[in-house]
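# give me the fold of what follows.
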Amino acid sequence: FKATVLAAYKGHRGPVWSVVFSPMGFYFATGGADRTVRLWSTDNINPLRLFFGHIGDITGLVFHPNGAYLASIGGGGDRSVRLWDVRKGNCVRIFGGHLSSLTAVKICPFGRTIAVGCDDGSVSLWNIADGKKITSANKHNDSIEALAFSPDGLVLVSGGFDCVVKVWDMEKISELLREKFVSKLEGPLEEYRTKSTPIYSLCYAGKSLLLVGGPFETNEK
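Just a heads-up that it's a prediction; the model follows:
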């Protein structure tokens, strides 16, 4: 098998840290060390839109399930999540107040809640409709590098440098959202530990099948 480069998309001034496709697959977004988010289409090598506002590297991106909005997180001293209107190009929400650098972001399948992971091991959940925090938890012992929602939206999983995957009950979170009540996130429901492998990536391959990715290292010298 020989891979072929179909197109090269250039424009960022520095490394690109995050790439994500829209739900429809025609558009994709990139973010990097130049603190900008760029929107591209697969049939045009020039960016369609540039989003400015972050004061740190863009460390994560995720499209809203409806494809009309894009969320970005800023690392370093930025510590904010910004929600962008893809069509108009403006920022419609800023989720601030985080105490450490942001490292992971995901939006639930129903588009109501956004989950954010930080390098202090904390997970926070936010109501997209009003921009307010729903709940948070600091259960990991090291930086969170990956988040994933189950396809039915009932489960959130988190993983990171502490070599642990934690499973959270989103049904309880939905109750908090309906009651507009903020508390500490209880749980997790389950924990799955690797021997010594940090968690870099999490992806559901079905309703109850979770793929976990990380570096493979042997003790051989």
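# pLDDT weak spots in the protein?
Under the criterion of pLDDT under 70, the regions of the chain flagged as low confidence span 173-187, 217-221.
# for it, which strand is longest?
Ranked by residue count and defined by DSSP state E, the top strand of the chain is strand 44-51.
# now that strand: buried residues?
Of the residues in strand 44-51, those scored as buried under the neighbour-count criterion (16 or more other C-beta atoms under 10 Å) are 47, 49, 51. C-beta here means a position set from N, CA and C on the backbone, and glycine is covered the same way.
# bridge partners for the residue minimising distance to the centre of the chain, pull those for me.
In the chain, the centroid-proximal residue (C-alpha atoms, centre = their mean) is residue 105; its distance is 1.8 Å. Note on residue 105: beta-bridge partners by DSSP bridges are residue 116.
# which residues sit in contact with it?
Shown in contact with residue 105 (C-beta atoms under 8 Å, 6 or more residues apart in numbering): 60-62, 71-73, 81, 114-117, 147.
# what's the answer for residue 171, then?
Neighbour list for residue 171: residue 154 [criterion: C-beta under 8 Å, 6+ apart].
# and it, its phi and psi?
When quoted as degrees, to the nearest 10, the phi and psi of residue 171 stand at phi -60, psi -40.
# any idea how far it is from residue 81?
The spacing between residue 171 and residue 81, counted by C-beta to C-beta, to the nearest Å, is 23 Å.
# cool, and residue 191?
Taken as C-beta to C-beta, the spacing of residue 191 relative to residue 81 amounts to 26 Å.
# wait, residue 164 sits on residue 192?
Yes: with contacts counted by C-beta atoms under 8 Å, residue 164 reaches residue 192, the gap being 7.1 Å.
# more neighbours: the two, which one.
Neighbours around residue 164 and residue 192, counted as other C-beta atoms under 10 Å, are more numerous at residue 164. The numbers are 20 against 15.
# distance of the residue found closest to the more buried one once you drop the neighbours it is linked to in the chain relative to residue 69?
Computed as C-beta to C-beta, 6 or more residues apart in numbering, the closest residue to residue 164 that is not its neighbour in sequence is residue 193, at 5.2 Å. To residue 69, residue 193 is 35 Å away according to C-beta to C-beta.
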